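Colleague: Give me the fold of what follows.
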Amino acid sequence: MRTTKPLRQTVSLPAPTAQRVRAIAKTRHTSANRVLVELIEAGLESKEQEKKRFFDLSERLAETKDLVVRQRIKETLAKMIFGE
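Modeller: Sure thing, here's the model as predicted:
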């Protein structure tokens, strides 16, 4: 990851979320800001991995001829899109 100049951004958090962030910061002996950055970065990475998995499954669906495998992939994609 390329290091760039930090950008100041104001974010309003629900009180319970802010309390959780402060508690994490306290146990890690770091700032709430650092915790927020780490959580946001982890969330963004998670979304990228989810997107990659979706496209990998879509590709497998297009390539496979096995009906049982196709059905399983369709179900997995439906859960990813619409939830459980």
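
Colleague: what's downstream of the longest helix along the chain, the next helix or strand?
Modeller: Looking across the chain with DSSP state H, the single longest helix is helix 32-63. Helices and strands here follow DSSP states H and E; after helix 32-63, the next one along the chain is helix 67-82.

Colleague: mind saving the C-alpha coords of that next one as CSV?
Modeller: These are the backbone C-alpha positions of helix 67-82, laid out as CSV (Å, rounded to 0.1, in the frame of the first residue of the first chain):
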residue,chain,number,x,y,z
LEU,A,67,-25.6,-30.0,-13.0
VAL,A,68,-25.1,-30.7,-9.3
VAL,A,69,-22.1,-28.4,-9.2
ARG,A,70,-24.0,-25.7,-11.2
GLN,A,71,-26.9,-25.9,-8.7
ARG,A,72,-24.6,-25.6,-5.7
ILE,A,73,-22.9,-22.6,-7.2
LYS,A,74,-26.2,-21.0,-8.1
GLU,A,75,-27.3,-21.4,-4.5
THR,A,76,-24.1,-19.9,-3.2
LEU,A,77,-24.4,-16.9,-5.5
ALA,A,78,-28.0,-16.4,-4.5
LYS,A,79,-27.0,-16.4,-0.8
MET,A,80,-24.2,-13.9,-1.6
ILE,A,81,-26.7,-11.6,-3.3
PHE,A,82,-29.9,-12.0,-1.3
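
Colleague: Check the gap between Arg22 and Ile40 for me.
Modeller: Distance, Arg22 to Ile40, using Cβ to Cβ, to the nearest Å: 16 Å. To be clear about C-beta, it is placed using only N, CA and C from the backbone, and glycine gets the same treatment.
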